[in-house]
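> Build me a model:
(one chain, ligands or ions: 1)
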Amino acid sequence: MSLLPLYDRSLLGRALAPAIECVAATGELTTFTFGDLERRSNRMAHALSARGMVAGDRLAFFLTNRVEIIDLWLACLKLGLIVVPVNVLYREREMTHIVADAEPVAVVTTAAQQGDLPAGIVSWSLESLVADAALRSELRPEVRCAADTPAALVYTSGTTGASKGAVLTHGNFAANALVLTSAWEFTSHDRYLAVLPLFHVHGLGNGLHVWLLSGCHMRLTERFDHAQAAEWFETYQPTVFFGVPTMFVRLLEVTGARAAAIGARARLFVSGSAPLPASVLESFRSQYGHVILERYGMTETLMNVSNPYYGERRAGTIGLPLPLTAVRVVNDAGEDVPAGTSGELWVRGPNVCRGYWRRAEATAAAFHDGWFRTGDIGVRAADGYITLEGRRSDLIISGGFNIYPREIEELLTEWPGVQEAAVVGVPDAVRGEVPVAYVVCTADVDLEGLTSHMRTQLASFKVPRAFVPVHALPRTALGKVQRHLLPPWTTS
Ligand code: MLC
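Predicted coordinates for the structure are as follows:
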């Protein structure tokens, strides 16, 4: 099962149907049919072949949402290339690591952003590729892909600090997309407002794929902008919306008849990538008249568990395993625990990645007898609903973006005068959590200089919101930092 035949129901079968409208930062709208996307991506595929790309090669994208990402995604899959989507907020350190690890032939970015890339990285400007593609044939190139052909390497930070590329295959994306399209009842009549970035699996694996498989209509925005979101809902009148909890918190600023009217025209709001506070679910229900459907996934597994489309969407839970995904709750010995007892969630299914790119050891550690260990702790109720209770790792999730403290701590301790550092997530009403750094310093440390340095090296959401000087970090006898014993810090 490769992806193209699934896309063909829309690309070929609904060639004349309006497929997408793209909103540029200027507010300008451009529209395309599915047939337009088929031809644009064929031309783009020929442009990539002309640059020497062959099946199995990697191509990195460093782009905000725009129609050319879709052209590039389809072109790569048509050629059997492997896409490496890179978060546009990533900076020097993250980009250097991903490029060294994935070894893409090039990083595609806009001419304006090319200068921001670290020296020595081969980049192709999007503008030059688009100009080149315009001269090429619009006939589809023939390259065969199978279920186990890799489609994308999506980087996800590990507890070691260095991020690893989850190898997601055609079969993984296909299984995820088929399951979600049916579980959430997507049809060609839907209108999907796409605000999630296409460089993460929430926007890419879920949003882009339910749109392509159902042949519905999509409005693609460059990014979520809470000042404009209500207007987008009013002018576009979407039936479906996918978001991270931060977006739903922002949408609560819209109240009264305005929110009720938006809700009345929609049929489904889905939240994921971070826990949705029950209070947000409740306020959204009273303002918009919809119970947000919360679901649970990971970069490595795509979607695993979801509250039902019909039936009870239980606040604070992630619902029931999706069709095709099996979920176990196990103790430290890897034995299943009874309902009501906490354990680690292990998952298995055609949605689960085949491992990490060129990291046999990390892959072996992540799987046990074919089951993927999520590292998330949860409990299954007697009636099957699963509730997440915590994580094995120190992962922080801010605005739906994952942050691993170790990566920030390593950078902090490279700075003169910082002897030790511990980064923890503190609660934040809008973003869920924000990182705060506890530092043990040997000398007067130039915190402003350190902050600017971090901004050049790491994505802005990873830069600590505050630096708290401490005399020592509380440690266990084995030397592990006891984060819960650090003095409390709260956002004011
Ligand atoms: C945020 N910024 C972006 C951006 N999102 N820049 C470009 N593209 C985006 N998509 C930058 C802003 O420029 C700003 O930078 C800073 O982030 C904060 O922006 P804001 O507008 O003040 O933020 P806010 O209203 O809080 O909203 C942030 C957000 C963003 C919700 C729009 O956090 C976001 O897009 N989150 C989605 C994350 C996501 O898709 N996760 C899926 C992972 S997959 P500066 O420099 O001014 O600070 C996964 C698996 C699963 O986890 O199950 O889904």
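> In the stretch 351-492 of the chain, what residue comes closest to the ligand?
Gly399 (2.7 Å; CB to the nearest ligand atom). Backbone N, C-alpha and C define where each C-beta goes, glycine included.
> Next up, the contacts around that residue.
244, 246, 274, 430-432, 461 (CB atoms under 8 Å, 6 or more residues apart in numbering).
> can you put these in CSV and add pLDDT and secondary structure?
Formatted as CSV, the contacts of Gly399 follow (pLDDT from 0 to 100; DSSP: H, G, I helix; E, B strand; the rest coil):
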residue, pLDDT, secondary structure
Val244, 98, coil
Thr246, 97, helix
Ala274, 95, coil
Val430, 96, coil
Arg431, 96, coil
Gly432, 96, strand
Phe461, 97, helix
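> are any of these buried, and which?
Among the contacts of Gly399, those buried by neighbour count (16 or more other CB atoms under 10 Å) are 244, 246, 274, 431-432, 461.
> Within reach of the ligand, which of those residues are there?
Among those, proximity to the ligand is found for 244, 246, 431, 461 (CB under 6 Å from any ligand atom).
> is it possible to export the buried ones among the contacts of Gly399 to JSON lines including distance to Gly384?
As requested, those are exported to JSON lines (distance: CB to CB, whole Å):
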{"residue": "Val244", "distance to Gly384": "25"}
{"residue": "Thr246", "distance to Gly384": "29"}
{"residue": "Ala274", "distance to Gly384": "23"}
{"residue": "Arg431", "distance to Gly384": "31"}
{"residue": "Gly432", "distance to Gly384": "26"}
{"residue": "Phe461", "distance to Gly384": "35"}
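> so which helix or strand takes in Glu38?
Secondary-structure element containing Glu38, defined by DSSP states H and E: helix 34-50.
> Buried residues, that helix. List them.
For helix 34-50, by 16+ other CB under 10 Å, it's 34-49.
> what does stretch 442-456 give?
Counting neighbours by 16+ other CB under 10 Å, stretch 442-456 gives 445, 447, 450, 453-454 as buried.
> so where is the stretch 151-300 of the chain shaky, pLDDT-wise?
158-161 (pLDDT under 70).
> In it, what residue spans correspond to helices?
Secondary structure of the stretch 151-300 of the chain (DSSP state H, counting those that start in this stretch): helices at 170-183, 201, 209-214, 226-236, 245-251, 256-265, 278-288.
> nearest to Glu389, of these?
Glu389 sits nearest to helix 278-288 of all those, at 14.0 Å, using CB to CB.
> residues making contact with the closest one?
Here helix 278-288 has contacts from 245, 248-249, 251-252, 254-256, 259-260, 262-263, 266, 269, 290-292, 294, 315-316, using CB under 8 Å, 6+ apart.
> Tell me the gap between it and the middle of its chain.
Here the centre of helix 278-288 is set off from its chain's centre by 24 Å, with CA atoms, centre = their mean, to the nearest Å.
> One more: stretch 252-268?
In terms of CA atoms, centre = their mean, the centre of stretch 252-268 is set 26 Å apart from its chain centre.
> Can you give me the buried ones in that stretch?
Buried, per 16+ other CB under 10 Å, within stretch 252-268: 254, 259, 262-263, 266-268.
> just checking, what packs against the helix holding Glu38?
In terms of contacts (3 or more CB pairs under 8 Å, 6 or more residues apart in numbering; DSSP states H and E), helix 34-50 is packed against helix 3-11, strand 18-23, helix 67-79, helix 126-134.
> what about dumping the CA coordinates of the first one to PDB?
In this case it means helix 3-11. C-alpha atoms of helix 3-11 as PDB (Å, rounded to 0.1, in the frame of the first residue of the first chain):
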ATOM      1  CA  LEU A   3       0.300   6.600  -0.800                       C
ATOM      2  CA  LEU A   4      -0.100   7.700  -4.400                       C
ATOM      3  CA  PRO A   5      -3.100   5.400  -5.200                       C
ATOM      4  CA  LEU A   6      -4.800   6.800  -2.200                       C
ATOM      5  CA  TYR A   7      -4.200  10.400  -3.200                       C
ATOM      6  CA  ASP A   8      -5.300   9.600  -6.800                       C
ATOM      7  CA  ARG A   9      -9.000   9.500  -5.800                       C
ATOM      8  CA  SER A  10      -8.600  13.200  -5.300                       C
ATOM      9  CA  LEU A  11      -5.700  14.200  -7.600                       C
END
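> Counting by contacts, list what that helix packs against.
helix 34-50, helix 67-79, helix 170-183, helix 209-214.
> What are the contacting residues of the helix holding Glu38?
Residues outside helix 34-50 that contact it (CB under 8 Å, 6+ apart): 10-12, 14-17, 19-20, 32, 59, 67-68, 70-76, 78-79, 81, 129-130, 132-134, 136-141, 215.
> That one - what's its average pLDDT?
The average of the pLDDT scores along helix 34-50 is 98.
> got the residues of the stretch 1-150 of the chain near the ligand?
Going by CB under 6 Å from any ligand atom, the residues of the stretch 1-150 of the chain near the ligand are 64, 88-89.
> filter those to the buried ones?
64, 88.
> Which members of the residues of the stretch 1-150 of the chain next to the ligand occur in strands, if any?
Counting by DSSP state E, no part of these is found in strands.
> In JSON lines: the residues of the stretch 1-150 of the chain next to the ligand, plus distance to Thr374.
Formatted as JSON lines, those follow (distance: CB to CB, whole Å):
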{"residue": "Thr64", "distance to Thr374": "29"}
{"residue": "Val88", "distance to Thr374": "27"}
{"residue": "Leu89", "distance to Thr374": "25"}
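> can I get the residues of the stretch 1-150 of the chain next to the ligand in JSON lines with pLDDT?
Below are those laid out as JSON lines (pLDDT from 0 to 100):
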{"residue": "Thr64", "pLDDT": "96"}
{"residue": "Val88", "pLDDT": "96"}
{"residue": "Leu89", "pLDDT": "96"}
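> Looking at the residues of the stretch 1-150 of the chain next to the ligand, which is nearest Leu411?
Nearest to Leu411 among those, with distances taken as CB to CB, is Leu89, at 15.4 Å.
> List the contacts of that closest one.
401, 459-461.
> Same question for Ser137.
So Ser137 contacts 42-43, 46 (CB under 8 Å, 6+ apart).
> Same question for Pro104.
57-60, 84.
> most neighbours, which of those?
Ranked by the number of neighbours (other CB atoms under 10 Å), the contacts of Pro104 place Ala60 first, at 28 neighbours.
> what helix or strand is that residue on?
strand 58-61.
> Show me what that strand is packed against.
helix 67-79, strand 82-85, helix 92-102, strand 106-109.
> would you list those in a markdown table and tack on mean pLDDT?
Putting the helices and strands packed on strand 58-61 into a markdown table (pLDDT from 0 to 100) gives the following:
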| stretch | mean pLDDT |
| --- | --- |
| helix 67-79 | 98 |
| strand 82-85 | 98 |
| helix 92-102 | 96 |
| strand 106-109 | 98 |
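> Quick check: phi and psi on Gln114?
Here is the backbone geometry of Gln114 (degrees, to the nearest 10): phi -60, psi -40.
> isn't it right up against Ser125?
Yes: here Gln114 reaches Ser125: they are 5.8 Å apart, a contact under CB atoms under 8 Å.
> Excluding residues flanking it in the chain, which one is nearest Arg329?
Arg isn't right for residue 329; it's Val. Gly343 (4.1 Å; CB to CB, 6 or more residues apart in numbering).
> ok, the one you found to the ligand distance?
Counting by CB to the nearest ligand atom, to the nearest Å, the separation of Gly343 from the ligand is 20 Å.
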